[in-house]
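Q: With the sequence up front, the predicted model follows.
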Amino acid sequence: YSRRDKEDIRKELEDAISNYEGVEVDFRRMPQSRSPLMDEDNDAVRELDRIEEEREQLRQKILEQYDIRPDDDEETFDRKVQQAFEDGALKELMMDAYFDDSNDAYW
C-alpha cells in the first residue's frame, strides 16, 4: 500500500469510530431456553425440559383463554395481553410480560 492509501484508510477508520453510535440491546426479548451445548443425558436437562413443557402448556392455555391469535393486529394483541397481565394469568406462566415505553407487550 502506498502512504496515501494508508492515510485514506486511517482517515476512514477514524471517521467511522468518531461517528459510531452504540445500540442498546434488550436481552428480555431473547428466547429463554437452554444452551445446545448442555449434555442431553442429564437430570438438570430433563428437569429444564419438563419446566419448558409445563410453561408451553400454560402459554397455550393463556393464548386460548384470552383468544390471542397470531393474526391479531398490534392494538388487539396489546389489549389482550394487558388483560391477561391484569388478571394475573401471566404469573402462572412464571414470567412477566414486558411493556416498553410505547406499551407494546411481548414475552
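A: It's in.
Q: all helices of the protein, in order?
A: Taking DSSP state H as the criterion, the chain carries its helices at 3-18, 43-65, 74-86, 89-92.
Q: For the shortest one, name the packing helices and strands.
A: Packing contacts for helix 89-92, counted by 3 or more CB pairs under 8 Å, 6 or more residues apart in numbering; DSSP states H and E, involve helix 43-65. Every C-beta, even on glycine, is put in place using the N, C-alpha and C of the backbone.
Q: If you count contacts, what does the helix it packs on end up packed against?
A: Identification of packing neighbours for helix 43-65 by 3+ CB pairs under 8 Å, 6+ apart yields helix 89-92.
Q: what comes up buried for the helix it packs on?
A: Of the residues in helix 89-92, 89-90 count as buried by neighbour count, 16 or more other CB atoms under 10 Å.
Q: tell me the average confidence for it?
A: In this model, helix 89-92 carries a mean pLDDT of 80.
Q: In JSON lines, list the helices of the chain along with distance to residue 24.
A: Output for the helices of the chain, formatted as JSON lines (distance: least, CB to CB, whole Å):
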{"stretch": "helix 3-18", "distance to residue 24": "19"}
{"stretch": "helix 43-65", "distance to residue 24": "27"}
{"stretch": "helix 74-86", "distance to residue 24": "22"}
{"stretch": "helix 89-92", "distance to residue 24": "25"}
